[in-house]
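> Fold the following, please.
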Amino acid sequence: MSNALPTRPRHMTQRRAFAIVASQYNYEYVQGLLENARRELGVVSPGATIAQYEVPGAFEIPLIVQEIAAHGGIDAILALGVIIEGQTQHARLVAEVVTDSLMRLALHYKVPVIHEVLLVADEAQARARCLEPELNRGVEAARAAVRISQVFQETKKRNDG
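Okay, the predicted model is just below:
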């Protein structure tokens, strides 16, 4: 686990459009991710359009990411969720399917998808990553979304020009 957040990217001068798909399961922790991601996007990408979608659980996130990506017009999609390991393999199976699906969707639709569907061992890990400022993965997701949207646009310009 990283013990530090990435630095803030340079402020964006272009208006960007982001979508956030957030699980309602483990609501308190996901809300921490969501609130911090929205706040950080407001700082590093002022004026950005942010569409927000809530789904029942982590397993449903890829379906909505697919729908958003298929329609285009989004610079990056942030996938936010918390899966807490239990006594069975269910949590790990869900996490693996979500991870694989999000990567496949990003590659297929050529849209950055920021994967912050966290698989944690217990609530203490969830609290540290979702509610505390030092390692908040919502902040990390926002910074990654802005950075990758900048790099993606630069790459497209170079390849098209």
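
> hey, what's the residue positioned nearest the centre of the chain bridged with?
Nearest residue to the geometric centre of the chain (CA atoms, centre = their mean): L78, 2.7 Å. Using DSSP bridges, the beta-bridge partners of L78 come out as I20, I114.

> contacting residues for it?
18-21, 37, 114, 116, 141-142, 145 (CB atoms under 8 Å, 6 or more residues apart in numbering). No exception for glycine: its C-beta is placed from N, CA and C like everyone else's.

> So which of those residues wins on neighbours?
A142 (32 neighbours; other CB atoms under 10 Å).

> Just the buried positions in the least confident helix or strand in the chain by mean pLDDT, please.
Here the helix or strand of the chain ranked lowest by mean pLDDT, DSSP states H and E is helix 137-160, holding a mean of 90. The neighbour-count check on helix 137-160 (16 or more other CB atoms under 10 Å) flags 137-150 as buried.

> OK, contacts around E35?
E35 touches G138, counting by CB under 8 Å, 6+ apart.

> Wait, a helix at it?
Yes. Counting by DSSP: H, G, I helix; E, B strand; the rest coil, E35 is found in a helix.

> quick one: it and A141, what's the gap?
Shown here: E35 relative to A141, a distance of 12 Å by CB to CB, to the nearest Å.

> ditto for A58
14 Å.

> Over to E134?
In terms of CB to CB, E134 sits 15 Å off from A141.

> and E54, which of the three is it?
strand.

> Check which residues of stretch 72-81 are buried.
So for stretch 72-81, counting by 16+ other CB under 10 Å, buried means 74-81.

> end-to-end on it?
In stretch 72-81, first residue to last residue: 23 Å (CA to CA, to the nearest Å).

> Show me how far it is from its chain's centre.
7 Å (CA atoms, centre = their mean, to the nearest Å).

> State the mean pLDDT of it.
Stretch 72-81 comes out with an average pLDDT of 96.

> S45 contacts R38, doesn't it?
No. Counting by CB atoms under 8 Å, R38 is not a contact partner of S45; they are 10.8 Å apart.

> For the protein, which segments are assigned as strands?
Remark: strands assigned in the chain by DSSP state E are 17-23, 49-55, 76-84, 113-120.

> Can you lay out the ones you listed as CSV showing distance to K157?
CSV is the format used below for the strands of the chain (distance: least, CB to CB, whole Å):
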stretch, distance to K157
strand 17-23, 18
strand 49-55, 21
strand 76-84, 17
strand 113-120, 21
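
> This completes my enquiry, with thanks.
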